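>>> Below are the sequence and a predicted model for it; my questions follow.
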Amino acid sequence: MANAIRFHEIGGPEVLKWETVEVGDPGAGEVRVRHEAVGLNFADTYFRTGYYPAPLPAGMGVEAAGVVEAVGPGVEGFAEGDRVTYTGSPLGAYSTERVMPIDSLIHLPDSIEFETAAAMTMRGLTTSYLLRRIAPNLKAGDTVLLHAAAGGVGLLFCQWAKELGITVIGTTSTDEKTAVAKAHGCEHVINYKRENIVERVRELTDGAGVPVVYDSIGATTFNTSLDCLSRRGLLVAFGTASGPIPPIDAFQLAAKGSLYVTRPALADYIADPAERAELSGELFDLVGSGKVKVEINQHYALEEAAQAHRDLEAGTSVGSSIFTF
C-alpha cells in the first residue's frame, strides 16, 4: 500500500488529508513510479481552493521525481529502474508512489539529483519558456522586470538571464529576499515595501521602461507592470499569486504605448514532445554544469502538506520547497 495527500472538498490547507491508497499495476502506456521527492508549487493551492477546478475527491500536486518500478503493456522508451521526473497532469504527485502515463514523464540524467529535479522541473521549464519562447526578440544587453525575484522561478530566472546577458530588475518584499536575489544574478532589486516600482524602473532605464515584464503576482501588480513597460512592450502575466488579473481594457493598452499582454501556461509549451525535450535538455545542461543552481530552502515531510501550503501562501518561503520521505 502507498500513502498520498488527498482532498475531498475545496477550502483552506486543512482540507488536505494523509490517506492510505491502492496504487495497482500500470496499464497500457503507463508505468508505476516510486517517488523520491515531490515538488511544492503555488499552482497546487489553486486546485485546493477551486480556482483550478478538479473532480473531487482528488489527489494533490503536479511535480515529482523518482524511479520506474513497473512498466505496463506495450510501453517503449521507459524501463524498470529508469530515473524520471515530471510536471503536469494528472493530479496526484503528493504520494509515495503512483501510476503515470509515459507521455508525462521526462528522463532524468544522472547529473541531476531527485530532490533537485522535484524542486525545479516545473519552475525550470517555466523559466525556460519564459526566456526562450515568450519573447524571441529578447537579447543580450536588454533589461527586463521580474516580480518575485527571490521565489522559486525568480532565482532560476535571474541566473539563466545572466547567462544570456540579460539584465534583470527584480522586486522583493524583504531585505533577506533582496540579498538572495542579488546573490543569484539579479542586477537591481526593488523592495516594493519601501520603493516605488514604477519610479525606480524608469530611473534605471533612463525613462524608457523595459521591453518585457514577467509578472507572477497578478492582481496587485498588474497596473504597475503595465506602467513599467516601454512602448510596444510585453507584459507576461504567468501567475496570479495575489489573485486573478483584472479585466483588460484594450484602449488602456493603446494609451500606455501600444502594449501587449499574454497569459501563458506551461502546458502549452511542453505539449509537443520535441519542444519539451529541447527545453528540458537545456535546463538539465545548465543545472548539471552548475551554471544554474537550484535553491531548496524548505523541506517538509509529505504528511506536513497543510503546513507547507500555509507557509507558501503567507509568502515566507524563499526559493523552492519540496517534500521528502
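Looks like it came in fine. Being a predicted model, the structure only gives us computed values, none of them experimental.
>>> And the next helix or strand past the longest strand seen in the chain?
With secondary structure taken from DSSP state E, the chain has its longest strand at strand 30-40. Using DSSP states H and E, the helix or strand that follows strand 30-40 in sequence is helix 42-49.
>>> buried sites along that following helix?
Judged by neighbour count (16 or more other C-beta atoms under 10 Å), helix 42-49 contains these buried residues: Phe42, Ala43, Asp44, Thr45, Tyr46, Phe47, Arg48. Where C-beta positions appear, they are placed from N, C-alpha and C, glycine not excepted.
>>> One more: stretch 234-243?
Under the neighbour-count criterion of 16+ other C-beta under 10 Å, stretch 234-243 has Leu234, Leu235, Val236, Ala237, Phe238, Gly239, Thr240, Ala241 buried.
>>> residues near Gly154, how many?
Number of residues near Gly154 (other C-beta atoms under 10 Å) recorded here: 29.
>>> OK, contacts around the closest residue to it other than its chain neighbours?
Counting by C-beta to C-beta, 6 or more residues apart in numbering, Gly154 lies nearest to Ala148, which is 5.0 Å off, once chain neighbours are set aside. By C-beta atoms under 8 Å, 6 or more residues apart in numbering, the contact set of Ala148 is Gly154, Thr171, Thr172, Ser216, Ile217, Ala241.
>>> Switch these over to TSV; also include distance to Pro26.
Shown next, in TSV, are the contacts of Ala148 (distance: C-beta to C-beta, whole Å):
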residue	distance to Pro26
Gly154	36
Thr171	44
Thr172	44
Ser216	35
Ile217	39
Ala241	35
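>>> Among these, find me the one that's closest to Gly288.
Nearest to Gly288 among the contacts of Ala148 is Gly154, at 21.0 Å by C-beta to C-beta.
>>> Helix 42-49 and the helix or strand containing that closest one, what's the angle between them?
Per DSSP H and E, Gly154 falls inside helix 152-163. Put simply, helix 152-163 runs at 160 degrees to helix 42-49, going by axes from the mean of the first three to the mean of the last three C-alpha atoms, to 10 degrees.
>>> relative to strand 30-40, how tilted is helix 152-163?
90 degrees.
>>> any idea of the mean pLDDT for helix 152-163?
Confidence over helix 152-163 (mean pLDDT, whole number) is 95.
>>> Export the next helix or strand after it to CSV, keeping only CA atoms.
Next along the chain after helix 152-163, taking DSSP H and E as the criterion, comes strand 167-172. What follows is strand 167-172, C-alpha atoms only, in CSV (Å, rounded to 0.1, in the frame of the first residue of the first chain):
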residue,chain,number,x,y,z
THR,A,167,19.9,42.4,-17.1
VAL,A,168,17.1,41.7,-14.5
ILE,A,169,15.4,44.3,-12.3
GLY,A,170,13.7,42.3,-9.6
THR,A,171,11.1,43.0,-6.9
THR,A,172,11.1,41.6,-3.4
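>>> Could you list every helix and strand in contact with the following helix or strand past strand 167-172?
Per DSSP H and E, strand 167-172 leads on to helix 175-183 as the next helix or strand towards the C-terminus. When contacts are defined as 3 or more C-beta pairs under 8 Å, 6 or more residues apart in numbering; DSSP states H and E, helix 175-183 packs onto helix 152-163, strand 167-172, strand 188-191.
>>> Quick check: the residue positioned nearest the centre of the chain vs Thr316, distance?
In the chain, the centroid-proximal residue (C-alpha atoms, centre = their mean) is Arg123; its distance is 3.2 Å. Noted for Arg123: a distance of 18 Å to Thr316, by C-beta to C-beta, to the nearest Å.
>>> Next: Gly81.
Distance from Gly81 to Thr316, by C-beta to C-beta: 38 Å.
>>> would Pro211 count as being in a strand?
Yes - assigned with DSSP: H, G, I helix; E, B strand; the rest coil, Pro211 falls within a strand.
>>> ends of stretch 39-56, how far apart?
In stretch 39-56, first residue to last residue: 21 Å (C-alpha to C-alpha, to the nearest Å).
>>> How far does it sit from its chain's centre?
14 Å (C-alpha atoms, centre = their mean, to the nearest Å).
>>> all helices for the stretch 101-250 of the chain, in order.
Secondary structure of the stretch 101-250 of the chain by DSSP state H, counting those that start in this stretch: the helices cover 114-129, 152-163, 175-183, 197-204, 222-227, 250-255.
>>> For Leu286, which of these is the nearest?
Nearest to Leu286 among these is helix 152-163 (6.5 Å), distances taken as C-beta to C-beta.
>>> And the contacts of the closest one?
41, 119-120, 123-124, 126-128, 130-131, 144, 146-149, 167-168, 170, 180-181, 184-187, 214, 216, 239, 286, 291-295, 317, 319-321.
>>> Also stretch 8-21?
The contact list for stretch 8-21, computed with C-beta under 8 Å, 6+ apart, reads 1-7, 48-50, 56-57, 60, 94-95, 302-303, 305-307, 309-310, 313.
>>> Going through the residues you listed, which ones are buried?
2-7, 48, 60, 94-95, 302, 305-306, 309, 313.
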